[in-house]
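>>> after the sequence you'll find the predicted model.
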There are 2 protein chains.
Amino acid sequence: MVDSLAELKERLSWVGDLDKVGRLLSWDQQTMMPAAGAAIRADQLGTLRRVSHELLTSDETGRLLDEVRGLEETLPPDSDDACLIRLARRDYDKAVRVPAALRAEMTSAAAQAQPVWVKARATSDFSMFLPALERNVELRRSYIACFDSADEPYDILLDDFEPDTTTADVRRIFDELKPELLSLVADLRDQEVDDSFLRGDFPVDRQRALAHEVVELFGMRPDTWRLDPTVHPFASGAGIDDIRMTTSYDPTALKSLFSTMHEYGHGLYNHQLPSELGRLPTGGPCSLGLHESQSRLWENLVGRSVPFWRFFLPRVKEAFPEQLGEVDFDRFLGGINRVRPSLIRTRADEVTYGLHVILRFELEQDIVSERVELAELPEAWRAKMEEYLGVEVLDDAQGVLQDTHWAVGLIGYFPTYLLGTVMSVQIWEKATSDLPSLEDEIEQGEFGPLREWLGAHVHRYGRRFSPQETLKRATGSTIDAKPYLAYLRTKYGLGVAD
Amino acid sequence: MVDSLAELKERLSWVGDLDKVGRLLSWDQQTMMPAAGAAIRADQLGTLRRVSHELLTSDETGRLLDEVRGLEETLPPDSDDACLIRLARRDYDKAVRVPAALRAEMTSAAAQAQPVWVKARATSDFSMFLPALERNVELRRSYIACFDSADEPYDILLDDFEPDTTTADVRRIFDELKPELLSLVADLRDQEVDDSFLRGDFPVDRQRALAHEVVELFGMRPDTWRLDPTVHPFASGAGIDDIRMTTSYDPTALKSLFSTMHEYGHGLYNHQLPSELGRLPTGGPCSLGLHESQSRLWENLVGRSVPFWRFFLPRVKEAFPEQLGEVDFDRFLGGINRVRPSLIRTRADEVTYGLHVILRFELEQDIVSERVELAELPEAWRAKMEEYLGVEVLDDAQGVLQDTHWAVGLIGYFPTYLLGTVMSVQIWEKATSDLPSLEDEIEQGEFGPLREWLGAHVHRYGRRFSPQETLKRATGSTIDAKPYLAYLRTKYGLGVAD
């Protein structure tokens, strides 16, 4: 049985290697690849996925999993090997249910839909995108049909992004958030806050220097990361010692700092995953929600906080003296924390952001349960934007077409953004309670204690446990909307001045 | 049988995809990867190689090859499918002979030897490198033993780099070259040639701009390539529309131009491979020798020629007016073509270069046939350097330790450098005979006709035929040392002025 376990580990390591290679290829595609390479790249990514899937779902993997069943029962359930076998069985059971032909079709439908979406968004023409969307949704329904029926069909999709989390779990949290967020927006939307200084002349070379400075300041082993410019920021990499972050520089606005801090949070999580688990699946990140909790923590709890800017504002003023020289501390903090309903999720502030996600979560359930005709999606989107945020969607490019997720078949992904945001506050509160001097340290530009706390309390679990169990081990509690709501109320009710 | 062929093609495409992914990962490692990523990268490359090897050598591949045997016999031998089946059978037959364990050991021994070599070279300490070299050589002997005995054991190694070319074939060419090169060196070594202007202050940013200008001038579809700086220049890529070239910038010398032209030659070959063969093995480059013929053609036949510099010298003078403003045409041409025996192969001129390669070819045969003790290799190296080039090897870093090939297990690779150089002249002569106005066009900065000729006469065959058959189709002749020797004699005997 021990030999079977060793063999199983080796196979799973190969699967993990191929998946990480695929991630690196995607990074390369978005940062380095000559444009004409896209077709070859699609073939190569397809081959990697196919080979990795065949390795995972082979009879050999099934046989090894059977052989270690006895061993598993004798192991302490929290031990590394028990976690590994449990997780491997979960991944295997899910993977073998989906016929290779369906998986290939999902992949190619997504690959075909993506450029259609780019074009449809550019011309704000939803009808152009509709057939591709219909195809993606239809394939998702076939995918759902591969599994035993769940309480709700959406559960099946959600589980791929936030394991062991049901639609009902998410609804419970979002139902608690929604009225409170609506009320906060109503209270804050008409406040006069000046953030005009955040737009203007911000030369890209100085933004780039500052972005690198932020990563160095927050801290990551110097020979393990890089930060490159992309249109849409993301974090990826080939493993814990090879972290690739990207950010987006707009010469007319100071946004790159926040997207850099966000991606740093993702990057640090990937960097501090449990190295002792090597290339095993348990050594990966836990879930998209938990990943997002890390990016939101660094972007918002650190990156929009008073202590951080006490330390860092002088540095940013030095970089952009013409733009920011005359902006005092309170005005700066107010500006970067301004609440203002707007059309685009990725540019939303901390208060309105959640409503963007709730809107998508609701529409996705309607789509999967066929409660909405896809052709009527733009209208449903407009109605909800009007209702939740009081903004008028003038064209679909800034409405239903704004995100790439549905174009590449990702349905069930959006809720993890808000779950992560909610969890980020729970994790932050536990960190500040464990580290009473944390805010002082941040005000001194000291981020080591926070980094280490996150490593020891969140990152080190990797993918051993479910997201909620991981969160509970980190904070003592499963997901809870209250700390997040209290944080927002405190931040905005009492103002941001200290 | 047609279905079997389609299935075979699909499998071979996967193998090709994984191999190209591996090449891209190696490119990334040398250009982009954070240094600490090396260990993870080694694992991932190992997994790719293993999986690709298992796909190629699987029973399934063997069965498909058996099934298409009947079909193969009915096909015209030059047809794409006949070439493919022949090549696939060759690759399969070679791959199945080598046990997976030996292959894995060769890979890991090479991976372990490489950093030892780096350190040994840095301290010029051959004894530090000796055990790693012994291990590599021993494994190569085991590798040779996997195959039916050839006329000479070195044949087995050579065949991996220059298929269907024997040690005797190489010896015949090199034996013809050697006395002639020795005599040319004797004639030219003491000529007074001033190349001092090639050293001095050459700012890297201007060298970089010029290197990109050279690639654009020679021509490659603009959205298909990139050129990055590395310590050791190379050309790689993920496919015909994704060409990655590198070059090396030395702020104190104008060498990057020539390494850029060299890598352009490799890149153009990869770019002009037969696209109709897609991802099949027949769509790859033919051999290392033929690859090198392309790099040497652009670096030397074009890049050190009178017509090219008639066009390009004014541009280079403009980039470096302080360094080159006062250098007249003849002095420039003389300088870049100066013959001077020296220690390092990669910096050798066109005349002495061949002797560097012949020295390695002779020593490699002695190693494989156990005619030399590995511990005595430095001494054997010194003796030959003294004999062939009349230079004294003061330390092993500039002697036996200068190249990385033996450290990574590549024995049998070196001869292809000189075979390629010889073939480059045969190909050039056929091109100039087919295109009588070629030199005029080059003098006008027109490279399209040469590019297209190479595409139509060399590149388009891909890997369908052996290198010698490919050369014969391109030039009407197999490899022949005479044109190369005549070229050198003309170039240096009559001087370089027009």
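That came in fine, so what should we check first?

>>> and the closest residue to A:Pro222 other than its chain neighbours, how many neighbours?
Distance criterion C-beta to C-beta, 6 or more residues apart in numbering or on different chains; nearest residue to A:Pro222, sequence neighbours excluded, is A:Glu216 at 7.7 Å. From N, CA and C alone the C-beta is placed, and that goes for glycine too. If you count neighbours by other C-beta atoms under 10 Å in any protein chain shown, A:Glu216 ends up with 12.

>>> ok, A:Leu355 next?
Using other C-beta under 10 Å, A:Leu355 has 25 other residues around it.

>>> about what we covered before: ok, now how distant is the residue nearest to A:Pro222 from A:Tyr264?
Distance of A:Glu216 to A:Tyr264, computed by C-beta to C-beta, to the nearest Å: 10 Å.

>>> just A:Ser13 next, same as before
According to C-beta to C-beta, A:Ser13 and A:Tyr264 sit 28 Å apart.

>>> please apply the same query to A:Arg226.
In this view, A:Arg226 and A:Tyr264 are 12 Å apart by C-beta to C-beta.

>>> which of these two has more residues huddled nearby?
Neighbours per residue (other C-beta under 10 Å) separate A:Arg226 from A:Tyr264, with A:Tyr264 holding more: 31 against 19.

>>> past whichever strand or helix holds that one, which element shows up next along the chain?
Assigned by DSSP states H and E, A:Tyr264 belongs to helix A:256-271. Per DSSP H and E, the first helix or strand lying C-terminal to helix A:256-271 is helix A:288-296.

>>> A:Leu313 reaches A:Phe329, doesn't it?
Yes. Using C-beta atoms under 8 Å, A:Leu313 is in contact with A:Phe329, at 6.3 Å.

>>> name the SS class of the residue nearest to A:Pro222, please.
Judged by DSSP: H, G, I helix; E, B strand; the rest coil, the three-state class of A:Glu216 is helix.

>>> buried set for stretch A:357-374?
For stretch A:357-374, a neighbour-count test (16 or more other C-beta atoms under 10 Å in any protein chain shown) marks A:357-368, A:372, A:374 as buried.

>>> I misspoke; the intended subject was stretch A:58-75.
By 16+ other C-beta under 10 Å, the buried positions in stretch A:58-75 come out as A:61, A:64-65, A:68, A:72, A:75.

>>> can you give me the end-to-end span of stretch A:296-307?
End-to-end distance for stretch A:296-307, by C-alpha to C-alpha, to the nearest Å: 17 Å.

>>> quick check on A:Gly239: phi, psi?
A:Gly239 adopts backbone torsions of phi 160, psi -180, taken as degrees, to the nearest 10.

>>> re the thing from before, the helix holding A:Tyr264 vs helix A:288-296, what angle?
130 degrees (axes from the mean of the first three to the mean of the last three C-alpha atoms, to 10 degrees).

>>> contacts only, for the closest residue to A:Glu299 other than its chain neighbours.
Excluding its sequence neighbours, the residue lying closest to A:Glu299 (C-beta to C-beta, 6+ apart) is A:His262, at 3.9 Å. Each residue near A:His262 by C-beta atoms under 8 Å, 6 or more residues apart in numbering or on different chains is listed here: A:233, A:295-296, A:298-299, A:303.

>>> ok, A:His262 to chain B distance?
Distance, A:His262 to chain B, by C-beta to the nearest C-beta, to the nearest Å: 20 Å.

>>> would JSON lines of the contacts of A:His262 with neighbour count and pLDDT be doable?
Shown next, in JSON lines, are those (neighbours: other C-beta atoms under 10 Å in any protein chain shown; pLDDT from 0 to 100):
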{"residue": "A:Pro233", "neighbour count": "23", "pLDDT": "95"}
{"residue": "A:Ser295", "neighbour count": "25", "pLDDT": "98"}
{"residue": "A:Arg296", "neighbour count": "29", "pLDDT": "98"}
{"residue": "A:Trp298", "neighbour count": "28", "pLDDT": "98"}
{"residue": "A:Glu299", "neighbour count": "24", "pLDDT": "98"}
{"residue": "A:Gly303", "neighbour count": "22", "pLDDT": "98"}
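
>>> for the stretch 51-200 of chain A, which residue gets nearest to chain B?
Nearest residue of the stretch 51-200 of chain A to chain B, counting by C-beta to the nearest C-beta: A:Val51, 5.8 Å away.

>>> can you list the residues of the stretch 51-200 of chain A near chain B?
Within the stretch 51-200 of chain A, the positions near chain B by C-beta under 8 Å from any C-beta of the partner chain are A:51, A:55.

>>> how about the helices in the stretch 51-200 of chain A?
In the stretch 51-200 of chain A, the segments counted as helices under DSSP state H, counting those that start in this stretch are A:59-67, A:69-74, A:80-97, A:100-122, A:126-145, A:153-161, A:167-188.

>>> give me the buried positions along the fourth one.
Okay, so that is helix A:100-122. Along helix A:100-122, these residues count as buried under the neighbour rule (16+ other C-beta under 10 Å): A:103, A:105-107, A:109-111, A:113-114, A:116-117, A:120-121.

>>> for A:Ala109, give me its contacts.
A:Ala109 is in contact with A:132, A:135-136, A:139, A:409, counting by C-beta under 8 Å, 6+ apart.

>>> wait, what's in contact with the residue of the stretch 201-350 of chain A found nearest chain B?
For the stretch 201-350 of chain A, the residue closest to chain B is A:Asp242, as judged by C-beta to the nearest C-beta, at 3.2 Å. Going by C-beta under 8 Å, 6+ apart, A:Asp242 touches A:24, A:224, B:33-34, B:36-37, B:40-41.

>>> okay, the contacts of A:Ala109 in TSV with distance to A:His459 next?
Converted to TSV, the contacts of A:Ala109 look like this (distance: C-beta to C-beta, whole Å):
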residue	distance to A:His459
A:Ala132	38
A:Arg135	38
A:Asn136	33
A:Leu139	34
A:Gly409	29
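
>>> farthest-apart pair in the residues you listed, please.
Among those, the pair separated by the greatest distance (C-beta to C-beta) is A:Ala132 and A:Leu139, at 10.9 Å.

>>> no more questions from me, cheers.
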